[in-house]
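>>> Predicted model, plus sequence, below.
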Amino acid sequence: MNDAVVSPPPPGTEGGPRVLLEVFGCQMNKLDGELVAGALRKGGYDFTDADEQADVVLMVTCSIRDQAEHRVHSHLGELAKLKASRPDMVLGVLGCMASREGGDLLKRWPALDFVAGTRDFPSVSRLVDEVRADRTRIVAVDGDPRVSETRDLAVRPHKARAFITVARGCDKPCTYCVVPRTRGEEVSRSKRDILEEARALVDDGVREITLLGQTVNAWGRHEGSSLGELLYALQDLSGLDRVRFTTSHPEEMDEPLIDAMADCPKAGMFLHLPPQSGSSRMLRRMARGYTAERYREIVQQLRARIPGVELAGDIIVGFPGETDEDFELTAQLMRDVRFSQAFLFRYSPRPGTPAWGRLEDDVPDALKRERLATLMALQSSIQEARHTAMHGTRHQVLVEGRSRRDERRLFGRNLASDRIVFEGDPSLVDELVELEIVDSTPLTLVGRQLAAAASGSASRAASATSTSSAD
Ligand code: 5AD
Ligand code: SF4
């Protein structure tokens, strides 16, 4: 979960009603926010990044953990106060919380004008119009499950990078997870649609595409295609340098996909493959569909086939019934796999999930916190060693922007998705540059610019030295 992101106000219709669009949660939400901004812009709206100036405040929300919802509720509390003095203001909650709670949200928050679920994003601009015209309160939570994207190229936040939704929803039975409830069943987009969108984005200056899906590596399986096939097709797209995809499910990881990653240099050397736990007993209770041994086997296959591939993983601590032994198995998995990034969470029971009411949340919060702190310290030491081992290595990096902490610094990512900061001219944003690692902390890699890389196709060789795994 990320903090709320207030998207940089896109160019809107000057003088039109001003919208503040806040996005909480995952990358899928960020892309949904982008699409909503595009539709609103077309509908004659303008944008602002301040509550006080906004005529319309929309929040793209996340339900994955209790805390994520808390944050939205407390913001709604503040907005309700603001609205008391400005009754014309329109407030809308979009996305996962709207899908999960629907009309209950309107009951709880009299100041709220409408909710629109994860499949109702295409109607948001019309819903705002309706509320403004009629002052009605609207619950829209039963949109079309088919994935249709109408993208306005003019409001893309990054010139050289873009996300493409390839599948929405999730059919997995993970007992802790609310996503199948909030985003509905898994629906893949057609290969033709995806490639058309990719072509349009590349023609508009995009050099890195990230394919998004809740279980992205299950893409196309109902239609007899596979993510590997899509990677090969994108590999052939001239002008495109990099293709990422997230998030992959270990159960859907097979050899043809690993082969496709190995054969497609643009696919990079990175995989987000959440294990969730290192204990097969816990994985069974979570209904993940694989054992810890199978997870380790996949990692071995990946590393054998794609030397230097880096893995990111999500872990949940304190799942019901987690003993010290289960927890130690997770820590051991982390020591063995040595993730380049790890997203560590305390289990948060979610209403409506298979575990809700069936598996008692029996790990005390203090113990969850202690286990989380242990894994954070472990991951920090893994990253520190990994980063130190990378000193002197060279990396081709796509520059993403200015560092928030230090304005003089830029940051970008290599093919293995390592974030590297360096001092450089702001004109390098959206360009590929060559860096050498000169310093690091557990969280940060610091590079020195060598020379601007030719803006040709991605070369795995160029960053072959980049990701010497610390194994
Ligand atoms: N509690 C804690 N973490 C969760 N995640 C999903 N559901 C829960 C929950 N109920 C984590 C998983 C998932 C990531 C996006 O969020 O690790 O991979
Ligand atoms: Fe949730 Fe599991 Fe689907 Fe991931 S695969 S979105 S954790 S149900």
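Great, that's in hand. Ligands and ions are numbered 1, 2, ... in the order given.

>>> what about whichever residue of the stretch 101-250 of the chain sits closest to ligand 1, how many neighbours?
Relative to ligand 1, the nearest point of the stretch 101-250 of the chain is residue 176 (4.1 Å; Cβ to the nearest ligand atom). C-beta coordinates here come from the backbone N, C-alpha and C atoms, glycine included. By the criterion of other Cβ atoms under 10 Å, residue 176 has 24 neighbours.

>>> these two touch, right, it and residue 350?
Yes: using Cβ atoms under 8 Å, residue 176 makes contact with residue 350 at a distance of 7.0 Å.

>>> Count the neighbours of residue 158 for me.
Residue 158: 16 neighbours (other Cβ under 10 Å).

>>> Name the residues of the protein found near ligand 1, please.
The chain has residues 64-65, 176-177, 274, 276, 314, 316, 345, 347-348, 350 near ligand 1, with proximity defined as Cβ under 6 Å from any ligand atom.

>>> quick check, nearest of these to residue 93?
Among the residues of the chain next to ligand 1, residue 64 lies closest to residue 93 (Cβ to Cβ), at 15.6 Å.

>>> part of a strand, is the closest one?
No: counting by DSSP: H, G, I helix; E, B strand; the rest coil, residue 64 is not found in a strand; it is coil.

>>> can you pull the contacts of it?
By Cβ atoms under 8 Å, 6 or more residues apart in numbering, the residues touching residue 64 are 1, 25-26, 96, 177-179, 348, 350.

>>> re earlier: give the contact list for the residue of the stretch 101-250 of the chain closest to ligand 1.
286, 316, 319, 347, 349-350, 353, 355.

>>> neighbour-wise, which of the residues you listed leads?
Most neighbours among the contacts of residue 176, by other Cβ under 10 Å: residue 319, with 29 neighbours.

>>> so that residue makes contact with residue 284?
No: look at residue 319 against residue 284 with Cβ under 8 Å: they stay out of range, at 11.1 Å.

>>> Can you name the helix or strand that the residue of the stretch 101-250 of the chain closest to ligand 1 falls in?
Assigned by DSSP states H and E, residue 176 falls within no helix or strand.

>>> Which pLDDT does the model give it?
For residue 176, the pLDDT comes out at 98.

>>> for it, phi and psi?
Backbone torsions for residue 176, taken as degrees, to the nearest 10, come to phi -90, psi -10.

>>> Quick check: it vs residue 348, distance?
Distance from residue 176 to residue 348, counting by Cβ to Cβ, to the nearest Å: 8 Å.

>>> Secondary structure element for residue 271, which one?
strand 270-272.

>>> what does that strand rub up against?
Defining contact as Cβ under 8 Å, 6+ apart, one finds that strand 270-272 is touched by 244, 246-248, 261, 302, 309-314, 340, 415-417.

>>> which parts of the stretch 101-250 of the chain sit against ligand 2?
Checking the stretch 101-250 of the chain against ligand 2 by Cβ under 6 Å from any ligand atom, the hits are 170, 172, 174, 177, 179-180, 214-215, 249.

>>> What subset of those is buried?
170, 172, 174, 177, 179-180, 214-215, 249 (16 or more other Cβ atoms under 10 Å).

>>> which of these lies closest to residue 135?
Distance to residue 135 across those (Cβ to Cβ) is lowest for residue 179, with 33.5 Å.

>>> Hmm, that closest one is touching residue 173, no?
No: between residue 179 and residue 173 there is no contact under Cβ under 8 Å: 11.2 Å.

>>> What's opposite residue 341 in the beta bridge?
Beta bridges link residue 341 to residue 312 when assigned by DSSP bridges.

>>> show me what contacts it?
Applying Cβ under 8 Å, 6+ apart, the residues contacting residue 341 are 312-313, 383, 417.

>>> would you turn the residues you listed into CSV with distance to residue 37 and pLDDT?
Listed next are those as CSV, based on distance: Cβ to Cβ, whole Å; pLDDT from 0 to 100:
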residue, distance to residue 37, pLDDT
312, 28, 98
313, 31, 98
383, 34, 98
417, 26, 96
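
>>> Show me which of the residues of the stretch 101-250 of the chain next to ligand 2 is closest to residue 89.
Among those, and counting by Cβ to Cβ, the member closest to residue 89 is residue 179, at 30.9 Å.

>>> wait, what's in contact with that closest one?
When contacts are counted by Cβ under 8 Å, 6+ apart, residue 179 is found next to 64, 96, 169-170, 214.
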